[in-house]
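[1] build me a model:
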Amino acid sequence: SAPAVEWLIDSFGLDLSLLGRLGGHSFPRTHRGKERFPGMTITYALMEKLEKIQNENPERASIITKATATKLLTDADGSVSGVEYVKDGQTFTERGAVVIATGGYGADFSNDSL
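    This next block holds a predicted model:
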């Protein structure tokens with residue numbers, strides 16, 4: 001949507017000034033800049049912002065990588081209020097809002113990969 005594109009431009013200083021028509025599109029609808037991979041450009045900008053928030057306010061955000069989420073913790077009303085995860089063989093708990101970002105399956109070549 002236009003407001004989402006404007007938010008990305010204003011909040012992250014991204015160049016999304018070009019509008020392109022990609023394969024299968026009937027109309028131009030892909031916003032991009034001069035960079036070749038707009039999705040990667042947007043993703044990296046979002047990641048850098050989150051890392052900055054974590055570094056400046058560690059009580060506000062935690063980025064946990066290379067871990068396995070084993071349980072979503074819930075309040076009495078059933079809303080998610082935390083996560084239990086395993087990292088390096090140890091079980092940890094984090095309380096608060098939870099965002100699960102798997103990164104996709106494209107590069108998962110492990111034995112139990114989908």
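
[2] low pLDDT regions in the chain?
    Low-confidence segments of the chain, defined by pLDDT under 70, span residues 103-107, 114.

[3] how about the helices of it, start to end?
    Counting by DSSP state H, the segments of the chain that form helices are 2-12, 38-56.

[4] output these in JSON lines, with distance to Ile64 appended to each entry.
    Heads up, the C-betas are built off the backbone N, CA and C, glycines and all. Converted to JSON lines, the helices of the chain look like this (distance: least, Cβ to Cβ, whole Å):
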{"stretch": "helix 2-12", "distance to Ile64": "23"}
{"stretch": "helix 38-56", "distance to Ile64": "10"}
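
[5] in this protein, which residue is most central in space?
    Ala101 (5.4 Å; Cα atoms, centre = their mean).

[6] and the gap between that residue and Ile53?
    Ala101 sits 15 Å away from Ile53, going by Cβ to Cβ, to the nearest Å.

[7] before I go, just wanted to say thanks for your time.
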